[in-house]
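>>> Sequence first, then the predicted structure, then my questions.
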Amino acid sequence: MALVRPLRNRFDVEVADGPSLHVQGNIFAHEYTITRNGAPVANVSKRWFRVRETYGVEVMPGDHDAFVLAVVAAIDAIVSKGPGGRRQRRR
């Protein structure tokens, strides 16, 4: 189980059975990096796509793709909701 704690343009993801993940960059624009102990785990970016609300996730070889994608999905869900838990419209 992981615990995600948002801190401005970064998140710290506490992993119960392993080292924590650090997420930093422009999270609201989907331009950020995920690291573990200073080493890159994944890059998230919209720059590869022209379709609105589409972004890519590049997971480094040897990392758990499904877990990293779950972390990215959780971050997306957290930042896309506003006060009261309602989904914000993106402009």
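Sure, I can see it. Since the model is a prediction, treat every value here as computed from it, not as a measurement. Residues are numbered from 1 along each chain as shown.
>>> ok, which stretches of this structure are strands?
Along the chain, the stretches classed as strands by DSSP state E are 2-7, 10-15, 21-26, 31-36, 39-45, 56-59.
>>> any idea of the angle the second one forms with strand 31-36?
Taking axes from the mean of the first three to the mean of the last three C-alpha atoms, to 10 degrees, strand 10-15 and strand 31-36 form an angle of 30 degrees between their directions.
>>> Can you list the helices and strands that strand 10-15 packs against?
If contacts are counted by 3 or more C-beta pairs under 8 Å, 6 or more residues apart in numbering; DSSP states H and E, strand 10-15 sits against strand 2-7, strand 21-26. The way it works is simple: take the backbone N, C-alpha and C, and place the C-beta from them, glycine included.
>>> what does the last one give?
If contacts are counted by 3+ C-beta pairs under 8 Å, 6+ apart, strand 56-59 sits against strand 39-45, helix 65-79.
>>> which residues of this structure score low on pLDDT?
1-8, 82-91 (pLDDT under 70).
>>> dump the residue contacts of the residue nearest the centre of it.
Taking C-alpha atoms, centre = their mean, the centroid of the chain lies closest to Val72, which sits 3.5 Å from it. Going by C-beta atoms under 8 Å, 6 or more residues apart in numbering, Val72 touches 34, 42, 44, 57.
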